[in-house]
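Peer 1: Model the following, please.
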Amino acid sequence: MAHLISPQTRGVFIIAATPFTDAGEVDYESIDTLTDFYMSFGIDGLTILGIMGEAQKLSAEESLAVMRRYMARVAGRIPVIVGVSAPAYDPMVSLARESMQAGAAGVMIAPPATVKTDEQFFNFFAGACRALGPDVPPLLSQAAETGVPSLATLQDSFAEAARAALEAALRADMGDSWTDRAMSFFRTQTGARSLTPREGSDPDAILSRAEAALAKGDLVTTLAELDSLPEVARTAMADWRSTADQRLSAITALRELADTIGG
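Peer 2: This next block holds a predicted model:
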């Protein structure tokens with residue numbers, strides 16, 4: 001029975017090499033020797049077909065043969081993680097399924113070199129999770145189907161949501177004096193608010209700091225600031241907050257998945 005990896009998986013997983021003969025062919029007999037050598041040190045697991053495993057130099061048939069040779073030699077004694085990275089999803093899925101059927105504990109996936117931004121990073125892994133099937137965190141499965149709001153979308157929509165939140169807060173607390181009430185009325189009519197971050201615990205100050213954090217891409221700080229808004233203002237921003245929470249939760253789940261499969 002295969003030892004499946006999980007977030008609780010711990011220990012030393014050797015990054016295994018793929019040996020070659022002088023003629024440049026895969027040296028399958030040396031795979032057996034290497035496996036025995038690695039296991040003689042009491043390792044907790046083995047990772048094959050990664051960068052050290054020269055996976056990028058192997059054909060699909062060679063990768064499959066290397067995986068099967070390692071799996072046969074290990075014979076279920078320790079968990080084996082198989083690198084299945086590929087330029088396209090089809091060969092990745094094919095090797096992943098063959099590996100799991102052979103008794104692998106899990107697979108390791110790395111994005112191609114063309115993936116540079118957070119959005120590209122997430123979209124690649126979301127597509128990989130969708131291609132691999134249902135055995136991924138539920139949140140990522142949902143995100144793969146519906147997509148995740150981009151940081152740019154949240155930044156572009158913040159101003160309107162902030163104006164609505166500030167208006168709600170001002171209407172709920174117009175102040176005691178005539179001057180306070182007049183100023184609050186003016187601000188609710190004009191939508192005037194601070195565009196640079198400032199100190200203070202009033203809704204306008206909180207929103208100014210939240211927007212500044214969002215501009216830097218710091219969604220955690222943004223949401224922490226919004227938590228301190230009065231209830232009426234939080235209610236007015238509920239839709240924006242829900243969208244932001246969806247992105248943060250998806251990125252968090254993605255990082256947890258990456259930690260699990262990437263060690």
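
Peer 1: alpha carbons only for contacts and neighbour counts from here, please
Peer 2: OK.

Peer 1: where does the stretch 101-250 of the chain dip in pLDDT?
Peer 2: With pLDDT under 70 as the threshold, the stretch 101-250 of the chain has low-confidence stretches at 118, 134-148, 173-193.

Peer 1: Run through the strands of it in chain order.
Peer 2: Counting by DSSP state E, counting those that start in this stretch, the stretch 101-250 of the chain forms strands over residues 106-108, given from the N-terminal end onward.

Peer 1: Please report the number of neighbouring residues for the closest residue to G200 other than its chain neighbours.
Peer 2: Once flanking residues are discounted, G200 sits nearest to I206: 7.1 Å by CA to CA, 6 or more residues apart in numbering. I206 has 23 neighbours, counted by other CA atoms under 10 Å.

Peer 1: I206 touches S228, doesn't it?
Peer 2: Yes: proximity of I206 to S228 meets the contact threshold set by CA atoms under 8 Å, at 7.5 Å.

Peer 1: And the residue nearest to G200, how close does it get to Y38?
Peer 2: With the distance defined as CA to CA, to the nearest Å, I206 ends up 56 Å from Y38.

Peer 1: go on, A102?
Peer 2: On the measure of CA to CA, A102 and Y38 end up 20 Å apart.

Peer 1: go on, F13?
Peer 2: 10 Å.

Peer 1: Helices of the stretch 1-150 of the chain, residue ranges please.
Peer 2: When secondary structure is read from DSSP state H, counting those that start in this stretch, the stretch 1-150 of the chain shows helices at 28-39, 60-74, 89-101, 118-132, 138-146.

Peer 1: Make a markdown table from those and add mean neighbour count to it.
Peer 2: As requested, those are arranged in a markdown table below (neighbours: other CA atoms under 10 Å):
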| stretch | mean neighbour count |
| --- | --- |
| helix 28-39 | 15 |
| helix 60-74 | 18 |
| helix 89-101 | 17 |
| helix 118-132 | 18 |
| helix 138-146 | 17 |
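
Peer 1: Columns distance to S249 on top of those helices, output as a markdown table?
Peer 2: Converted to a markdown table, those look like this (distance: least, CA to CA, whole Å):
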| stretch | distance to S249 |
| --- | --- |
| helix 28-39 | 38 |
| helix 60-74 | 34 |
| helix 89-101 | 24 |
| helix 118-132 | 12 |
| helix 138-146 | 8 |
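
Peer 1: nearest to A159, of the ones you listed?
Peer 2: In terms of CA to CA, the element of the helices of the stretch 1-150 of the chain nearest to A159 is helix 118-132, at 21.9 Å.

Peer 1: counting contacts, what elements does that closest one pack onto?
Peer 2: Applying 3 or more CA pairs under 8 Å, 6 or more residues apart in numbering; DSSP states H and E, one finds that helix 118-132 makes contact with helix 89-101, helix 138-146, helix 238-262.

Peer 1: what angle separates it from helix 89-101?
Peer 2: Our comparison of helix 118-132 with helix 89-101, counting by axes from the mean of the first three to the mean of the last three CA atoms, to 10 degrees, yields an angle of 50 degrees.

Peer 1: For helix 118-132, what is the distance to the chain centroid?
Peer 2: Centre-to-centre, helix 118-132 and its host chain are 9 Å apart (CA atoms, centre = their mean, to the nearest Å).

Peer 1: Could you do stretch 152-168 as well?
Peer 2: Here the centre of mass of C-alpha atoms in stretch 152-168, compared against the chain's by CA atoms, centre = their mean, lies 26 Å away.

Peer 1: With stretch 89-104 instead?
Peer 2: Counting by CA atoms, centre = their mean, stretch 89-104 is centred 21 Å from the centre of its parent chain.
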